[in-house]
Structures are given as C-alpha cells and as structure tokens.
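Colleague: No letters, just coordinates:
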C-alpha cells in the first residue's frame with residue numbers, strides 16, 4: 001500500500017482516536033474504504049430535507065437514510081435506518097421518521113447524532129466481511145452471512161493471517177455464505193469481487209496498525225460488484 005494512502009488513512013483516523021470509544025463514524029469508515037479502492041454506495045451527510053432532496057436529484061432513487069454517530073453501532077435498535085425510499089413523496093415521509101429517530105437517539109446517547117443519505121443497492125446477497133487484530137494470532141479475517149440477522153444466523157468463518165487468494169477462498173468455502181455465492185436464486189454473483197474486497201481489507205490491516213478492527217456489514221454482492229455498504233472501524 002502506497003505510503004501516501006497510508007498517511008491519508010491515518011489522517012482520517014485521528015478523530016476516532018480522540019473519542020472515548022475510538023470508533024469512526026460511517027462517513028469516516030467509508031472514506032478509508034474508498035482510499036484503498038473499495039466499491040461503495042454514494043453517501044452524504046444531510047442536515048435538512050433540502051439537502052436530502054438534492055442528494056436524490058444527483059444520485060437518484062431508491063435511497064436510504066441512516067443515523068450516524070461513533071456510539072451508534074447498531075442503527076436498527078434506534079430505528080436508525082429508513083430504506084427503500086423510492087420517490088420524492090416517500091423521501092418527505094422518511095425524513096420525518098428519521099429526524100424523530102435522531103432526536104430519540106440523541107436523548108439516549110447524550111451526544112449529537114447525524115443523518116446520512118445513501119444510494120440503495122438493489123438485489124444481491126448480504127455478506128459480512130471483516131478483520132480483527134488479535135494480540136496473539138495477529139490479523140484474523142472474518143467472513144459470513146451479513147445483514148441485520150447476522151447474530152441470529154451465526155454463519156461466521158475465521159482465518160488467521162490470510163495472505164493469498166487461495167487463503168481467502170478457503171475461508172469463504174467454510175461458510176454457508178460462500179456456497180450461496182455460487183447459486184444465489186439462480187443468479188451469478190461476482191465472487192471475484194468479494195475476494196478482492198477481502199484483499200483490500202487485509203491490505204489495510206497489514207499496513208495500518210492504527211486499526212484494531214474493520215468490518216463491513218452488509219456487503220451487498222451482486223452480478224456486477226461487491227458493494228461495501230456499511231463500514232465500521234475501531235482504532236487501536
């Protein structure tokens with residue numbers, strides 16, 4: 001990984017390292033992912049309905065509203081995700097709902113909570129990809145089914161210090177998600193793009209020791225790409 005990219009990543013992480021939970025916001029995590037070439041869904045902080053409408057005008061429908069804050073690790077617990085916003089009328093209704101959820105979250109967390117608008121990726125299969133830095137084993141890669149039901153499905157495979165494409169493929173083969181990629185509803189999923197995304201996460205971990213954990217849930221794997229939709233980064 002080029003030294004200037006490593007420097008840029010470390011600059012993004014500065015804010016998180018100063019926080020109590022040492023966690024990046026959704027926007028910061030996405031910036032890190034984009035610096036290493038991960039394919040992401042367009043995302044922007046929006047402060048009012050006009051900004052949200054401008055985002056929709058530029059990126060089109062459907063889109064998603066999400067709450068974001070370093071303390072907000074599970075958005076759905078705060079009604080912090082409004083998905084499938086298909087048109088201008090739905091956008092206005094969703095905005096009212098997400099701002100109410102924002103107020104409740106701020107009261108509970110005792111800190112400012114923002115709102116982002118994001119492109120909604122249609123179709124595909126939801127995966128979880130991640131890496132953790134273990135004091136004994138080093139970098140541990142994690143792969144499995146993703147989405148909001150990840151804790152119920154418990155489809156997680158792990159690998160210690162994977163270095164090659166073969167290592168990543170072997171990791172994926174030990175998860176039900178890896179099998180689904182080969183035969184998801186008769187649709188071809190871009191497995192190579194998923195492997196590349198895991199390589200990109202590992203590259204970050206091997207070159208930026210300021211990161212303790214990086215996770216994308218969900219990754220939406222489609223015929224065309226593996227989209228990093230919702231990233232979480234915890235710093236050392």
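Modeller: All right, it came through fine. This is a predicted model, so every value here is computed, not measured.
Colleague: Any idea how many residues pack against residue 33?
Modeller: 22 (other Cβ atoms under 10 Å). Just so you know, the C-beta spots here come from the backbone N, C-alpha and C atoms, and that holds for glycine as well.
Colleague: measure it to residue 61 for me?
Modeller: 24 Å (Cβ to Cβ, to the nearest Å).
Colleague: Also residue 41?
Modeller: As judged by Cβ to Cβ, residue 41 and residue 61 stand 13 Å apart.
Colleague: Could you pull out the residues contacting both of those two?
Modeller: residue 120 (Cβ atoms under 8 Å, 6 or more residues apart in numbering).
Colleague: where does residue 176 land on pLDDT?
Modeller: On the pLDDT scale, residue 176 is placed at 88.
Colleague: Now do the helices in this protein.
Modeller: Secondary structure of the chain (DSSP state H): helices at 3-17, 26-35, 49-59, 88-109, 150-153, 165-173, 176-182, 191-207.
Colleague: wait, residue 128 sits on residue 220?
Modeller: No. Here residue 128 does not reach residue 220: they are 11.2 Å apart, not a contact under Cβ atoms under 8 Å.
Colleague: list the buried ones in the worst-scoring helix or strand of the chain on mean pLDDT?
Modeller: Every helix and strand in the chain was compared by mean pLDDT, DSSP states H and E; the lowest is helix 150-153, with a mean of 74. Within helix 150-153, the residues that count as buried by 16 or more other Cβ atoms under 10 Å are residue 150.
Colleague: and the gap between the residue in the chain sticking out farthest from the centre and residue 95?
Modeller: What lies farthest from the middle of the chain is residue 89; by Cα atoms, centre = their mean that is 27.3 Å. Going from residue 89 to residue 95 by Cβ to Cβ gives 11 Å.
Colleague: I'd say residue 203 and residue 2 touch.
Modeller: No. Using Cβ under 8 Å, residue 203 makes no contact with residue 2, being 10.6 Å away.
Colleague: Looking at these two, which has the bigger crowd around it?
Modeller: Between residue 203 and residue 2, residue 203 has the larger neighbour count (other Cβ under 10 Å), namely 15 against 10.
Colleague: if I pick the more buried one, what's in contact with it?
Modeller: Applying Cβ under 8 Å, 6+ apart, the residues contacting residue 203 are 1, 36.
Colleague: which residues of the chain score low on pLDDT?
Modeller: 73-78, 149, 183-187 (pLDDT under 70).
Colleague: Just list the residues touching residue 220, thanks.
Modeller: Going by Cβ under 8 Å, 6+ apart, the list of residues near residue 220 reads 121, 123, 124, 125, 126, 127, 226, 227, 229.
Colleague: got those as TSV, with neighbour count and distance to residue 104 columns?
Modeller: What follows is the contacts of residue 220, written out as TSV (neighbours: other Cβ atoms under 10 Å; distance: Cβ to Cβ, whole Å):
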residue	neighbour count	distance to residue 104
121	21	27
123	13	32
124	22	31
125	21	32
126	18	26
127	30	30
226	28	33
227	21	29
229	27	24
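Colleague: Closest one of the residues you listed to residue 163?
Modeller: residue 226 (19.9 Å; Cβ to Cβ).
Colleague: Distance check, the residue lying closest to that closest one once chain neighbours are set aside against residue 120.
Modeller: The spatial neighbour of residue 226 that comes closest, neighbours along the chain excluded (Cβ to Cβ, 6 or more residues apart in numbering), is residue 193 at 3.9 Å. Separation of residue 193 from residue 120 (Cβ to Cβ): 19 Å.
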